[in-house]
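Asker: One predicted model, sequence on top.
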Amino acid sequence: MPSVTHDDAPPLADLMPWSVAPPRLGRGWPTGPDPASLKARWDALLKAEGPDREALFEPTRARTPQSAVGQLPGRSAGTERLGRASGPCAEPVRVLAAPFDEQWLIPDHRLIDVARPELWRVADAGQVFVVETASAPEPPHLLATPHLPLLRPGRVRPLFRRPGAAEPNLAPGLLEHLAARLGLALTPLDVLAWIVIAVRPDLTVPLTADPELWSQGVESGRRTLWLMLRDGERPKLPGGRRPYVRAPLPARPRSVHYDREEETLHLDEGRISPVPRAAWDFQVSRTRVLEEWLTARTTSPEPEGGLTAIRPQSWPQSWTSELLELITVLTLTAEARAQQPASLSVTSPLTTRDLHRAAVLPPPRWTHSPSSILDHKEEGPEGQLTLT
């Protein structure tokens, strides 16, 4: 991984000033790996009445069935109090529920304790959310996703401050200053690619004015981003190394076992191989990603699990496809990491002092807050319209 050996690397918080704490759901049942189950949970909630509905809802101090809240920006869920709601379930949306684990969420403000509407306002096809992982010596120290991230406790830094990939969330003047020093035409995604590949565990980001080193880092970072965002062409391993289902997966797998010698993943009597050791051992914040992904889909709910007990009756085919792709992504990411040198010699570091002299840092106070001027109406509680 490209890195600059000096003690004056700028903090990520200065390079991407606007950050938001991740949303806090307050209850587990509005999210899950299967959208059909979420709709069934909603239907079960609305069939219950009075105290039964309140118990199923799992109230907190922040949300009860009587809470009055507006719509999430860009979503069409109802705004009547949930205690007397009767409308259909809002269409579930993709979210990043855990590292490399894309699940689903009912995008209804009434179900979420702290939804962070400012993130929903800028969530669109052009957005990239950068997520800080928990402090750990090994990478990745940052994750990137096109979906709203629910990971805690690290902060979320959108690449753009406005919808439509407008107004990059970069210190004003940083893009222009880097382009001038490097003699290259740069985009916000180039800067993000460098940040993702060069960031340190303490979330400082070494910068360089060496065009060759910068280009190497951006190329490596672009591939890392492609594997995390999974947009465009789907990642594939070469023939002979691609994971396949060797024995059919059971309808409701109860146990997971990995055979390191045979590089085979067992779900009860079902088998998938080859599953490289690098994929099984891949960790984020000291947690095995693949094992965590499987646990979320194979752990049986508690007998009195409330709405979370509503789950698929059998293993969906879509989960198999997602599992095979996840194995591929983790393998390629681990290989890319192994090919990156631990450090590169840098003759032209750009330090925090350099950026202060160029008036790029410190970023102005307004850059730490969300953009406040939007041109669309948002529905408030009980159907009231508000203009933000």
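Answerer: Yep, that arrived.

Asker: Touching stretch 302-316 from outside, list them.
Answerer: Contact partners of stretch 302-316, identified using CB atoms under 8 Å, 6 or more residues apart in numbering, comprise 28-29, 32, 34, 36-37, 40-41, 44-45, 55-56, 58, 249-253, 297, 301. C-beta here means a position set from N, CA and C on the backbone, and glycine is covered the same way.

Asker: Any idea how far apart the tips of that stretch sit?
Answerer: Across its full length, stretch 302-316 reaches 21 Å between end residues, using CA to CA, to the nearest Å.

Asker: That one: which residues count as buried?
Answerer: Of the residues in stretch 302-316, those with enough neighbours to count as buried (16 or more other CB atoms under 10 Å) are 306-308, 310-312, 315.

Asker: Could you export these to JSON lines, including columns for distance to residue 221, secondary structure and pLDDT?
Answerer: Formatted as JSON lines, the entries for the buried residues of stretch 302-316 read as follows, by distance: CB to CB, whole Å; DSSP: H, G, I helix; E, B strand; the rest coil; pLDDT from 0 to 100:
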{"residue": "306", "distance to residue 221": "43", "secondary structure": "helix", "pLDDT": "92"}
{"residue": "307", "distance to residue 221": "41", "secondary structure": "helix", "pLDDT": "96"}
{"residue": "308", "distance to residue 221": "38", "secondary structure": "helix", "pLDDT": "94"}
{"residue": "310", "distance to residue 221": "41", "secondary structure": "coil", "pLDDT": "95"}
{"residue": "311", "distance to residue 221": "38", "secondary structure": "coil", "pLDDT": "94"}
{"residue": "312", "distance to residue 221": "37", "secondary structure": "coil", "pLDDT": "94"}
{"residue": "315", "distance to residue 221": "35", "secondary structure": "coil", "pLDDT": "96"}
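
Asker: Which of those sits closest to residue 241?
Answerer: If you rank the buried residues of stretch 302-316 by distance to residue 241 using CB to CB, residue 315 comes first, at 24.3 Å.

Asker: tell me the pLDDT at the residue of the chain most remote from its centre?
Answerer: Of all residues in the chain, the one whose C-alpha sits farthest from the chain's mean C-alpha position, using CA atoms, centre = their mean, is residue 50 at 36.0 Å. The per-residue pLDDT reported for residue 50 equals 94.

Asker: ok, of the contacts of stretch 302-316, which come out buried?
Answerer: Taking 16+ other CB under 10 Å as the criterion, what is buried in the contacts of stretch 302-316 is 29, 32, 34, 37, 40-41, 44-45, 56, 58, 249, 253, 297.

Asker: just checking, which of these belong to strands?
Answerer: Those of the buried ones among the contacts of stretch 302-316 mapping onto strands are residue 32, per DSSP state E.

Asker: Export the buried ones among the contacts of stretch 302-316 to a markdown table and append columns for pLDDT and distance to residue 227.
Answerer: Written out in a markdown table, the entries for those read as follows (pLDDT from 0 to 100; distance: CB to CB, whole Å):
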| residue | pLDDT | distance to residue 227 |
| --- | --- | --- |
| 29 | 97 | 31 |
| 32 | 96 | 24 |
| 34 | 96 | 24 |
| 37 | 97 | 28 |
| 40 | 98 | 33 |
| 41 | 98 | 32 |
| 44 | 97 | 37 |
| 45 | 97 | 37 |
| 56 | 97 | 39 |
| 58 | 96 | 36 |
| 249 | 96 | 25 |
| 253 | 94 | 26 |
| 297 | 95 | 21 |
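
Asker: From the buried ones among the contacts of stretch 302-316, which land in helices?
Answerer: Residues from these lying in helices, with DSSP state H as the criterion: 37, 40-41, 44-45, 56, 297.

Asker: Of those residues, which is the nearest to residue 205?
Answerer: With CB to CB as the yardstick, the closest approach to residue 205 among those comes from residue 297, at 35.3 Å.

Asker: contacting residues around the closest residue to residue 163 other than its chain neighbours?
Answerer: Take residue 163 and drop its neighbours on the chain: the residue closest to it by CB to CB, 6 or more residues apart in numbering is residue 124, 5.0 Å away. Neighbour list for residue 124: 74, 163-164 [criterion: CB under 8 Å, 6+ apart].

Asker: of those residues, buried ones?
Answerer: Burial by neighbour count, judged by 16+ other CB under 10 Å, picks out 74, 163 from these.

Asker: And residue 293, how far from residue 146?
Answerer: Using CB to CB, to the nearest Å, one obtains 18 Å as the distance from residue 293 to residue 146.

Asker: out of these two, which sits in the more crowded spot?
Answerer: The residue with the greater number of neighbours, taking residue 293 and residue 146 and applying other CB atoms under 10 Å, is residue 293; the counts read 24 against 19.

Asker: Quick check: closest non-adjacent residue to that one.
Answerer: Ranked by CB to CB, 6+ apart and with sequence neighbours excluded, the top spatial neighbour of residue 293 is residue 101, at 5.1 Å.

Asker: ok, so what distance separates the one you found from residue 149?
Answerer: Relative to residue 149, residue 101 is positioned 11 Å away (criterion: CB to CB).

Asker: out of those two, which sits in the more crowded spot?
Answerer: More neighbours surround residue 149 than the other of residue 101 and residue 149, with 24 against 20 (other CB under 10 Å).
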